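# Need coordinates for the following:
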Amino acid sequence: MVVDSVSSTQSTTNSKSPPSATVGYNDFLQLLIAQMRNQDPTSPTDMAQYMSQFAQLSSVEQAIQTNAKLDTLLSTSALSQAEGLIGRTATFTSEDGENTTGKITSVHIIQGGAVATLDNGVQVQLGPGITIS
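Prediction:
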């Protein structure tokens, strides 16, 4: 089935945010209505197919919401673990081969991990090769 056009209301304000790559429920319903209006009357699309599409959209939307909640939960967990590291001693081998030891004064979370700041000003990404005592 070919859909020639879909009318939509767009804001005319100057916004610099990129267009969304996801289709929400309202967008889906607008597309569904346009599809129904422009279908071939001699061979209409089966309602079961529409319901299947709606169920798939609902499943994807639920997965997106679950992922967002999981990200929040993981961030909270990482912050709780980071708090427990403050005041402890970190030992690691720096890039130039020197063994470095220092007391952890702060920890901040970054994408994919955490970075500890030691009392001597050295920052180290927490991961393999670091001993915390």
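# low-scoring pLDDT stretches of the chain, where are they?
1-25 (pLDDT under 70).
# Now do the strands in it.
For the chain, strands defined by DSSP state E occupy the ranges 89-93, 99-110, 113-118, 123-125, 131-132.
# Tell me how far N26 lies from L57.
Using C-beta to C-beta, to the nearest Å, N26 is found at 11 Å from L57. In this view, the C-beta of every residue, glycine as well, is placed from N, C-alpha and C.
# swap in N99?
55 Å.
# Looking at these two, which is more packed in?
It is L57, of N99 and L57, that has more neighbours when counted by other C-beta atoms under 10 Å, with 18 against 8.
# For the residue nearest to that one when sequence neighbours are not counted, grab the count of nearby residues.
Of all residues not flanking L57 in the chain, F28 sits nearest, at 5.1 Å (C-beta to C-beta, 6 or more residues apart in numbering). Neighbourhood size, F28 [other C-beta under 10 Å]: 17.
# tell me the contacts of F28?
By C-beta atoms under 8 Å, 6 or more residues apart in numbering, F28 lies in contact with 53-54, 57.
# Now the longest helix belonging to the chain: buried residues?
Looking across the chain with DSSP state H, the single longest helix is helix 47-83. For helix 47-83, the neighbour count (16 or more other C-beta atoms under 10 Å) marks 57, 78, 82 as buried.
# G112: how many residues sit nearby?
G112 has 7 neighbouring residues, counting by other C-beta under 10 Å.
# Please tell me how far it sits from G84.
From G112 to G84 the distance is 20 Å (C-beta to C-beta).
# Out of all residues in the chain, which is the farthest from the middle?
T42 (44.1 Å; C-alpha atoms, centre = their mean).
# is it true that F92 touches G129?
Yes. Between F92 and G129 there is a contact under C-beta atoms under 8 Å: 5.7 Å.
# Can you pick out the residue with more neighbours from these two?
A direct count of neighbours by other C-beta under 10 Å for F92 and G129 places F92 higher, at 21 against 10.
# Specify the residue ranges that define each domain of the protein.
Per automatic domain parsing, the domain ranges recorded for the chain read 25-37+47-81, 86-132.
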